[in-house]
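1. Sequence first, predicted model second:
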Amino acid sequence: MKSPTLHSYNRAEKFAFPHLFTLLFLIAFIDSWRRAEVSPLLFFDAERRTSLWKFIAGMFPPDLSADFLGLMFRPAMETIQISVMGTLIAIIIGFPLGMLGTRTFSVSGILNEADTLGSPMRRLGGYFVYSCARGILSLFRSIPEFVWAFMFVRAVGLGPFSGVLAIGVAYGGMLGKVYSEIFEGVNERSLEAIQSTGANRLQIFFYGWLPQVLPNFISYTLYRWECSVRASAVLGLVGAGGLGQQIEISMRMFNFHEILTILGILFIMVATVDYVSAKVRALL
Amino acid sequence: MEQYRLEKLVKLFGRRQLALGGVDLAVRRGEMVALIGPSGAGKTTLFRVLNLTLLPTSGKLWLDGNEVSHLHGRKLREARRKIGTVYQQHNLVPRLKVIHNVLSGRLGRWSTLSSLISLLKPRDIEIAYNALKKVGIEEKIFTRTDELSGGQQQRVAIARVLLQEPEVILADEPVSSVDPSLASALVKLLIDISKQMGKTLLVNLHSVDLALSYFPRVIGIKSGTTMFDLAPDKITDELLEDLYSGHLPDNQQDENSDEEPHPPLLQ
């Protein structure tokens, strides 16, 4: 019935679109190659090769002396602790903002809609809250945690707390965004069924809404926690505590064999965290 | 004594999509009524108005002699409590155990705090167990709901309605996602329960056969209005043909129903 337009659209798509797409892709690729100054030939340049070799050779053997390992224990623990506290703050920021940034929660939907029909003003207010929450979340996550850390070091001074705040804010933005996507996916039909028994909104929240979102919620939060372990190691480079600060010190002193040790510790930590969170996720 | 009275009930979706175009209806207490009609006729919308999920756009709705179409807050929740609904499907929370889905029928009676505590340590287990026994799946009480089959899930939904102890039971296409061989057993179960406990029962059915063979009163609905309202022996093939004729599935979908355009089950 509607086939003529559909047909011609399909044909247009079939002929023009792939070519256009290929062309765009080629332009993008060539231009990116040039502007990103990609030049694999550098590896064959004699001078570069020696300096690369120096760096790698300098890392061996790693410093495995009990002295150094003992020295690294505190910063390693600190890295984990920064990531835990940072993720906690991220949840505290991301959960409420994620809820407010969920259309079915703040604009329409059973948990919001005042007894099935909102007035236009209410709806407008809902949109306002929704857009504000979304805006704040984008702002938080569009600034890299590295830059946040830089600012917080100025604000609260050198040390792990600025790392905690940086992860909390940047990851709060990321968590909030994904939370709101998880929340949008809630099946409203089971909420409606609970509502029809005469349940109030809090009861609908706990009996219908929360059980639906909890598994994805936990799983994604754990994933972000894994990422934050890596991030908190990097944040040390701007003085926000943890293993990163040790990397920075060793770099400055040209103690490359220490760096290899620290990287090894980091690897073990990240692998452990991955393992733990995979185990927890399997329980869900 | 009247359970429901509807007067010129109209429901619009958005500004223009007419789902119900002036329905007049009266249902006595304890009556058993089946509603049939093509998909998109407005049956589901009518049920969502009847269980006070949707507000009618205009017209009046009485429940037990009280005008209920403009209630809100606590009064609305108390009115909803009197109406138990079994939906087509997807009406349980899959990740909760059966017991919690059944107990959620009690939420209208419980305080928020005690319903929270019950999620950790279920209360009224015995009542839930008896309700599940009535629908024949008491052994599933601590199973996770998503491990049950479609028919078993509908039984859980019926058990939830039992715990709600409503005056009216509305069942919106309760058997359309269930194996046909189980369908009549479920319909019979609904009828038995309603009879035993003296509840009013309204059922939306895809299957004309089930409607005609089990219900003393059958209402045909088409394009948002009632076409006929008769005892099953008065319903002729012509009436049925009329009811289902000229029905285009994309013609008048009510936006909230996922009724599939199945042909009615006629022999």
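-> Arrived safely.

2. For the stretch 1-150 of chain A, which segments count as helices?
-> Taking DSSP state H, counting those that start in this stretch, the helices of the stretch 1-150 of chain A run over residues A:3-35, A:46-59, A:66-100, A:103-106, A:120-142, A:145-156.

3. my bad, the stretch 151-267 of chain B
-> Using DSSP H, counting those that start in this stretch, helices in the stretch 151-267 of chain B cover B:180-197, B:208-214, B:237-244.

4. which stretches of chain B have low pLDDT?
-> B:90, B:247-267 (pLDDT under 70).

5. go again using 50 as the cut-off
-> When residues are selected by pLDDT under 50, those of chain B lie in B:249-267.

6. Kindly report the same for the stretch 1-150 of chain A.
-> A:1-6, A:114-116.

7. what do you get if the cut-off is 90, keeping everything else the same?
-> Counting by pLDDT under 90, the stretch 1-150 of chain A contains low-confidence residues at A:1-21, A:33-79, A:82, A:102-129, A:144-147, A:149-150.

8. Which single residue of chain A approaches chain B most closely?
-> residue A:198 (2.7 Å; Cβ to the nearest Cβ). Placement of C-beta: from N, CA and C, glycine included.

9. thinking again about what came up before, deepest-packed of the helices of the stretch 151-267 of chain B, please.
-> helix B:208-214 (a mean of 19; mean count of other Cβ atoms under 10 Å in any protein chain shown).

10. show me what contacts residue B:140?
-> B:98, B:132, B:148, B:152, B:156 (Cβ atoms under 8 Å, 6 or more residues apart in numbering or on different chains).

11. what's the answer for residue A:73, then?
-> By Cβ under 8 Å, 6+ apart, residue A:73 has no neighbours at all.

12. Ok, the one 10 residues further on next?
-> The contact partners of residue A:83, taken as Cβ under 8 Å, 6+ apart, are A:167, A:225, A:228, A:229, A:231, A:232.

13. hmm, back to that, now do the same for the residue of chain A closest to chain B: helix, strand or coil?
-> Classification of residue A:198 by DSSP: H, G, I helix; E, B strand; the rest coil places it in coil.

14. now swap in residue B:10 and tell me
-> Going by three-state DSSP: residue B:10 is strand.

15. So what's the residue count around it?
-> When neighbours are defined as other Cβ atoms under 10 Å in any protein chain shown, residue B:10 has 16 of them.

16. so what's residue 49 up against?
-> Answering for chain A, as no chain was given. residue A:43.

17. wait, I meant chain B there
-> Counted by Cβ under 8 Å, 6+ apart, residue B:49 has contacts B:9, B:11, B:20, B:55, B:56, B:61.

18. now it: how far from residue B:23?
-> Distance, residue B:49 to residue B:23, by Cβ to Cβ, to the nearest Å: 9 Å.

19. Common neighbours of these two, please.
-> With Cβ under 8 Å, 6+ apart as the test, residue B:49 and residue B:23 both reach residue B:9.

20. isn't residue A:60 right up against residue A:257?
-> Yes. With contact defined as Cβ atoms under 8 Å, residue A:60 and residue A:257 form a contacting pair (6.7 Å).

21. Comparing those two, which residue is more hemmed in?
-> residue A:257 (17 against 9).

22. Hmm, residue A:64 and the more buried one touching each other?
-> No. Contact criterion Cβ under 8 Å: residue A:257 and residue A:64 do not qualify, at 9.1 Å.

23. Could you check how far residue A:185 is from residue B:132?
-> Separation of residue A:185 from residue B:132 (Cβ to Cβ) stands at 30 Å.

24. With neighbour numbers in mind, choose between those two.
-> For residue A:185 versus residue B:132, neighbours defined as other Cβ under 10 Å are more numerous around residue B:132 (24 against 12).

25. hang on, the earlier thing: can you redo the contacts of residue A:83 as TSV with secondary structure and distance to chain B?
-> Shown next, in TSV, are those (DSSP: H, G, I helix; E, B strand; the rest coil; distance: Cβ to the nearest Cβ, whole Å):
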residue	secondary structure	distance to chain B
A:167	helix	30
A:225	helix	22
A:228	helix	27
A:229	helix	29
A:231	helix	31
A:232	helix	32
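
26. Closest one of the residues you listed to residue B:119?
-> Distance to residue B:119 across the contacts of residue A:83 (Cβ to Cβ) is lowest for residue A:225, with 25.6 Å.

27. sec struct for residue B:69, please.
-> Here residue B:69 is coil, with the state taken from three-state DSSP.

28. so the nearest residue to it once chain neighbours are set aside is in which element?
-> If the residues on either side of it in the chain are set aside, residue B:69 comes closest to residue B:61, at 4.2 Å by Cβ to Cβ, 6 or more residues apart in numbering or on different chains. Using DSSP states H and E, residue B:61 falls within strand B:58-63.
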